[in-house]
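Enquirer: just to be clear, the model below is a prediction. Sequence and coordinates:
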Amino acid sequence: MADLTQIGDDVRSGVTTDAILDGDRPGLWVTWIDWDSDFRRELQLGDLITAVDQDDLSAVLQPGHVDLGIGQWNEATFFRNKGVKHDQSIALTVLRGDATVTVHGKVHGSYLYYDASGNQSLAPGGPSNMAGDGFDDVWSLWYPRFRDKMSYVLMRAWRDRAFSNRYELQQHLNERPRIDYLLQHYAGPFAAAMQADWERTRQCLAGKLFVLGPSDLAYRALGDQRVAQARQAAAKAWDAIHVELAAQLTPPFPAPQPSDRAKVAGKLVELPRFVERDIIDGLGSAYIALGNSSDGYYFAALASPEVVRLFNVFHRYRGLVDPTAAKQFKLIARIIDQPPKMIVVNGQGTIGFMVQPIAALGGDDEVFVDLRQDAPPFAGEADLVTLAPAPHDDGSPASVIGALIQAVKLADRATWNSLFSPWRLTDDHRLDTSYSPSTADLDEYWEQSRQLITGPVFDARIDAVDRVQHVLRGDRATGVPDVEEVLVWIDLIGQFDGEYRSYVDVKVVRGWTLQRANGGPWQIATVQQL
């Protein structure tokens, strides 16, 4: 029978690293530590190796040279050049967070393992590389794929916009039978390490556990109060305008014939509810078709000042009160004294009078707008109940993002707008102070953020702040500005199986880029949603 372990000549650390060449602190970033590496005792994933046996790695940390570094594909040559032998202990200087620490471990010759039958295997005694043991893949195919997936989850996944931790958690749980099989049939250091790695990855995929109390969720009650307040004000205003305009109202259906123009021009009609699918294209211009094929139609121009006002106010309501308000509206409108228009509705040419909206009731009857005003509020807007916004010190990147989260929770649109940078850095290294964030983008991402924080996102917390980087070194002599940049990461908290846990998927954004120029205040560099 062959020895269960053979040792080759090439010296290995059992560590896998990625080279970090830019920024203020270059180094070799630890992304995995093999189950049979002695460095598992002291080294940690995420450590940044900067020196080996007190020899700085600056010569290695150059483009085209990093393959010779520890944890790189050609590290055997690196150790050979240093004269390092099998079973020799070496010291690694690493940055761990903001602290510099020294860790020790023994390197080893390249291991080859065999099972009891002499077949090459993943660990002494098995499992054999080419055995499947009833699973879909043989062990030699499964192990590197599983190891790489765990490394990705633990080191990178939570910063990847294409990642969904809840989906990947289910995939990871499906691997449990193989872990149990290892523990039952190949008990030993390899099986124990696989169990520990599997569990650590499971905990990572499950997300951080948070306890949210009534004070954390008070903003949700605020939303409910505002909806009730707006609905009450809308009902009162809708009744009042009916009383005011009662003498001018006429039954809308059946819709008048073209010959009745003189009789109906200037009259007011209360029209049935319309939704987005009732907006049609009529020879290059968009119209709202109000009515039905049996009773006839009226048409309102989508580009009319009144309709534009209605949609502007409705989007403001969604941002301030209820981001899920239904996009449906009832109108009181005046029949315009002009010839009827023929428009194709549902494939048929239809004749109807044009109307000018006077007032609207939107959502589930909670948004009333008097469209006769140039800049109308929605009913009750001035009296909306509020929570006092938490004071914030915008001196740090974390506090800026904290203020942003608070603004979204409390529907504080003014604070939201103020946190985005009013300048940008151009390609030729100038500060473009004529720049301003797109109003359309601010509106869109504000509404999306409000939908998230009142829907699947129950809270958001600061997770991590990366090291500040210089994206441009200032030069007073030439007028080149000094621009710094930092990434702030947040935890979005959802509810899963009765628990509040952090999560990430394509619908939420964890990373926020902030910049400051010439030591000024930190501001958010790109407009985006939570």
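Expert: Now that the structure is in, tell me what you want to look at.
Enquirer: going forward, measure contacts and count neighbours with C-alpha atoms only.
Expert: Fine.
Enquirer: for the stretch 1-150 of the chain, what spans make up the strands?
Expert: 5-12, 15-20, 27-33, 48-52, 55-56, 89-96, 99-106, 108-114, 120-121 (DSSP state E, counting those that start in this stretch).
Enquirer: output these as JSON lines; include the columns mean pLDDT.
Expert: Formatted as JSON lines, those follow (pLDDT from 0 to 100):
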{"stretch": "strand 5-12", "mean pLDDT": "93"}
{"stretch": "strand 15-20", "mean pLDDT": "95"}
{"stretch": "strand 27-33", "mean pLDDT": "96"}
{"stretch": "strand 48-52", "mean pLDDT": "96"}
{"stretch": "strand 55-56", "mean pLDDT": "92"}
{"stretch": "strand 89-96", "mean pLDDT": "96"}
{"stretch": "strand 99-106", "mean pLDDT": "97"}
{"stretch": "strand 108-114", "mean pLDDT": "95"}
{"stretch": "strand 120-121", "mean pLDDT": "96"}
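Enquirer: so for Arg461, which of the ones you listed sits nearest?
Expert: When the strands of the stretch 1-150 of the chain are compared by CA to CA, strand 89-96 sits nearest Arg461, at 22.6 Å.
Enquirer: thought Phe353 was touching Tyr298, still the case?
Expert: Yes. Using CA atoms under 8 Å, Tyr298 is in contact with Phe353, at 5.1 Å.
Enquirer: nearest residue to Leu431 other than its sequence neighbours?
Expert: Nearest residue to Leu431, sequence neighbours excluded (CA to CA, 6 or more residues apart in numbering): Leu425, at 4.9 Å.
Enquirer: ok, the one you found - how many residues close by?
Expert: 18 (other CA atoms under 10 Å).
Enquirer: which strand or helix spans Asp428?
Expert: Under the criterion DSSP states H and E, no helix or strand holds Asp428.
Enquirer: Leu302 against Leu310, yeah?
Expert: No. The criterion here is CA under 8 Å, and Leu302 misses it with Leu310 at 10.3 Å.
Enquirer: between these two, point out the one with more neighbours.
Expert: Here Leu302 and Leu310 are compared on neighbour count by other CA under 10 Å; more neighbours surround Leu310, at 26 against 18.
Enquirer: that one belongs to a helix?
Expert: Yes. When DSSP: H, G, I helix; E, B strand; the rest coil is applied, Leu310 is found to be in a helix.
Enquirer: please give the element, helix or strand, for Ala440.
Expert: helix 439-453.
Enquirer: can you give me how far that helix is from the chain middle?
Expert: Computed by CA atoms, centre = their mean, to the nearest Å, the separation of helix 439-453 from the middle of its chain amounts to 13 Å.
Enquirer: again, but for stretch 126-138
Expert: 39 Å.
Enquirer: and stretch 250-260, by the same measure?
Expert: Using CA atoms, centre = their mean, the offset of stretch 250-260 from its chain centre is 51 Å.
Enquirer: report the buried residues of it.
Expert: Of all the residues in stretch 250-260, those buried under the rule 16 or more other CA atoms under 10 Å are Pro252, Phe253, Ala255, Pro256.
Enquirer: now the end-to-end length of that stretch.
Expert: Stretch 250-260 has its terminal residues 13 Å apart, counting by CA to CA, to the nearest Å.
Enquirer: ok, which of the strands of the stretch 1-150 of the chain comes nearest Leu487?
Expert: Of all the strands of the stretch 1-150 of the chain, strand 15-20 comes closest under CA to CA, at 16.4 Å.
Enquirer: tell me the helices and strands packed up against that closest one.
Expert: On a contact count with 3 or more CA pairs under 8 Å, 6 or more residues apart in numbering; DSSP states H and E, strand 15-20 meets strand 27-33.
Enquirer: touching the strand it packs on from outside, list them.
Expert: With CA atoms under 8 Å, 6 or more residues apart in numbering as the test, strand 27-33 has contacts from 14-21, 39-40, 44-50, 57, 61, 69-71, 151, 155.
Enquirer: and what of stretch 347-358?
Expert: So stretch 347-358 is contacted by 255, 258, 296-301, 306-307, 331-336, 338-344, 370-372 (CA under 8 Å, 6+ apart).
Enquirer: apply 7 Å and report the result again.
Expert: The contact list for stretch 347-358 (CA atoms under 7 Å, 6 or more residues apart in numbering) reads 297-300, 306, 331-336, 340-344, 370-372.
Enquirer: ok, now stretch 151-158?
Expert: Contact with stretch 151-158 is made by Thr31, Trp32, Phe163, Thr201, Cys204, Val504, as judged by CA under 7 Å, 6+ apart.
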